[in-house]
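**Q** Predicted model and sequence below, questions to follow.
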Amino acid sequence: MEQQKAATRDGYGKALLELGKQNPDVVALDADLSDSTRSEYFARQFPERFFSMGIAEQDMIGAAAGLAFSGKIAYASTFAVFSERAYEFVRNIVSRNKLNVKIAGSHAGIATGEDGKSAQAIEDIAIYRALPNMIVLQPCDAVECEKMVFGNS
């Protein structure tokens with residue numbers, strides 16, 4: 001049987017939604033790209049646990065850290081390159097405090113398609129790997145992405 005091809009971000013959105021159904025402590029935040037990152041799947045089902053932060057990645061990571069401090073499992077989504085805007089918050093708040101914040105950077109690498117060169121992340125993996133207490137995972141497809149979301153909750 002032939003499998004349907006799916007974008008990695010579709011695997012993320014699907015898994016995040018399913019994880020939200022299984023665990024009421026899961027919350028999702030997005031930096032104005034929920035249609036692109038597919039966190040919109042979660043937002044439609046759980047609007048009370050979804051936070052649209054606008055184009056404010058530092059605020060998104062700060063809020064995710066606060067939610068994690070209070071026992072929530074925070075999934076913060078944006079394009080990988082835009083997550084770099086929040087690097088200092090990730091470094092000083094999330095990493096050093098070993099907080100349970102998952103940063104989902106879609107459109108990683110140079111294969112961003114029609115979104116253009118401003119959406120290309122070529123250094124995101126390197127900068128986050130340099131931080132203590134950070135695990136960096138790069139899925140190869142939607143199936144692997146789903147497994148990563150469930151395996152790291």
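**A** It's in.
**Q** Please count neighbours and contacts with C-alpha atoms only from this point.
**A** OK.
**Q** what pLDDT does the residue lying closest to L16 once chain neighbours are set aside get?
**A** Sequence neighbours aside, F42 is the residue nearest to L16 in space, at 6.4 Å (criterion: CA to CA, 6 or more residues apart in numbering). Listed pLDDT for F42 reads 98.
**Q** Okay, the closest residue to A7 other than its chain neighbours and R9: tell me how far apart.
**A** What sits nearest to A7 in space, not counting adjacent residues and going by CA to CA, 6+ apart, is A142, at 5.7 Å. Applying CA to CA, to the nearest Å, the value for A142 to R9 is 7 Å.
**Q** Compare the two (neighbour count), which wins?
**A** More crowded of A142 and R9, by other CA atoms under 10 Å: R9, with 23 against 20.
**Q** just checking, the more buried one touches S34?
**A** No - contact criterion CA atoms under 8 Å: R9 and S34 do not qualify, at 10.3 Å.
**Q** beta partners of the most centrally placed residue in the chain?
**A** For the chain, the residue nearest the mean C-alpha position is A104 (1.8 Å; CA atoms, centre = their mean). Going by DSSP bridges, A104 is paired in beta bridges with S77.
**Q** Would you agree it is in contact with A74?
**A** No - counting by CA under 8 Å, A104 stays clear of A74, with 10.3 Å between them.
**Q** hang on, the earlier thing: are we agreed that the residue nearest to L16 is in a strand?
**A** No - going by DSSP: H, G, I helix; E, B strand; the rest coil, the assignment for F42 is helix, not a strand.
**Q** Compute the distance between it and G66, please.
**A** Going from F42 to G66 by CA to CA gives 20 Å.
**Q** which one of these two has more residues nearby?
**A** F42 (24 against 17).
**Q** Contact partners for I103?
**A** Y75, A76, S77, S83 (CA atoms under 8 Å, 6 or more residues apart in numbering).
**Q** most neighbours, which of those residues?
**A** Busiest of the contacts of I103 [other CA under 10 Å] is S77, holding 29 neighbours.
**Q** That one touches S39, doesn't it?
**A** Yes - contact between S77 and S39 holds when scored by CA under 8 Å: they sit 7.2 Å apart.
**Q** hey, what's in contact with both of the two?
**A** By CA under 8 Å, 6+ apart, the residues touching both S77 and S39 are A28, D30.
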